[in-house]
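Student: Predicted structure and sequence below. I'll ask about it afterward.
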Amino acid sequence: MGIYKYLIVILVLIFPLSNEVYARPISWSGGSTFMYKTDSMKSSYYYHYSPLYRYSLGVEYVNDRHFNDQYFNLRGTYLLDRENTKSSQRNFYITGGLSTKSSDNFIYGIQGDWETRRLYSAISHTNQHTKTKDFSENLKRILKSKVHKFKIDGKYLMDIGMEQGALMGKVLKKIEEEWIKNNFKITKDQIKEIVKSNSN
């Protein structure tokens with residue numbers, strides 16, 4: 001039996017024991033993903049296709065055992081922001097959709113994930129089956145919110161007089177920590193002070 005056959009047997013044995021299976025909200029360009037989630041209240045089966053790496057379109061079937069109801073959700077997910085480093089990737093997404101549960105039901109929310117070659121973590125907040133007025137107001141809030149981007153880099157430090165070298169990474173980390181601590185704000189004087197105190 002080849003390695004692929006062993007892998008299929010393992011997946012068949014493990015999958016039914018699993019309570020939830022998580023996957024990325026957007027696949028690679030031209031890729032698709034199938035997701036299954038279940039608990040004591042409901043089960044959902046979700047398939048999406050990603051025409052481009054920036055967005056996916058999908059359909060979800062929900063079997064709500066608690067309310068004895070079944071319905072479909074048509075969903076879309078869009079990549080708002082991505083940051084790549086040498087060892088990891090971080091993504092923020094906005095998601096939304098329509099439900100056949102009733103004509104006045106929507107799905108909307110935000111999702112984020114961070115991954116390395118070995119680790120994957122995700123967080124999401126989704127509102128489901130909300131009235132039109134609430135959906136419009138909350139969507140405006142989500143679209144107005146902004147992702148804070150740290151813009152200080154090695155070139156900036158060299159421009160203010162710091163010499164290039166191994167110490168630069170340590171100084172950049174301290175500047176970023178101070179920036180986060182101060183609600184994503186930092187002055188040029190604060191940066192110079194951090195550079196000065198770490199250059200000795």
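Tutor: That came in fine, so what should we check first?

Student: which residues are in contact with the host helix or strand of Tyr156?
Tutor: Element membership for Tyr156, per DSSP states H and E: helix 154-159. Judged by Cβ atoms under 8 Å, 6 or more residues apart in numbering, the contacts made with helix 154-159 from elsewhere in the structure are 164, 168, 171-172, 191, 195. Where you see a C-beta, it was placed from the backbone N, CA and C, and this is true even at glycine.

Student: I'd like to know which elements whichever helix in the chain runs longest is packed against.
Tutor: With DSSP state H setting the assignment, residue counts place helix 167-181 as the longest helix in the chain. Applying 3 or more Cβ pairs under 8 Å, 6 or more residues apart in numbering; DSSP states H and E, one finds that helix 167-181 makes contact with helix 154-159, helix 188-198.

Student: one step back: could you work out the most separated pair of the contacts of helix 154-159?
Tutor: The span of the contacts of helix 154-159, defined through Cβ to Cβ, is set by Gln164 and Ile191 at 16.3 Å.

Student: Have a look at those two and say which one is more surrounded.
Tutor: Regarding Gln164 and Ile191, a neighbour count based on other Cβ atoms under 10 Å identifies Ile191 as having more, with 20 against 10.

Student: ok, for that one, nearest residue in space, not its chain neighbours?
Tutor: Across the structure, with Cβ to Cβ, 6 or more residues apart in numbering as the measure, the residue nearest Ile191 apart from its sequence neighbours is Ile175 (5.7 Å).

Student: Let me see the contact set for that neighbour.
Tutor: When contacts are taken as Cβ under 8 Å, 6+ apart, Ile175 is in contact with 152, 186, 191, 194.
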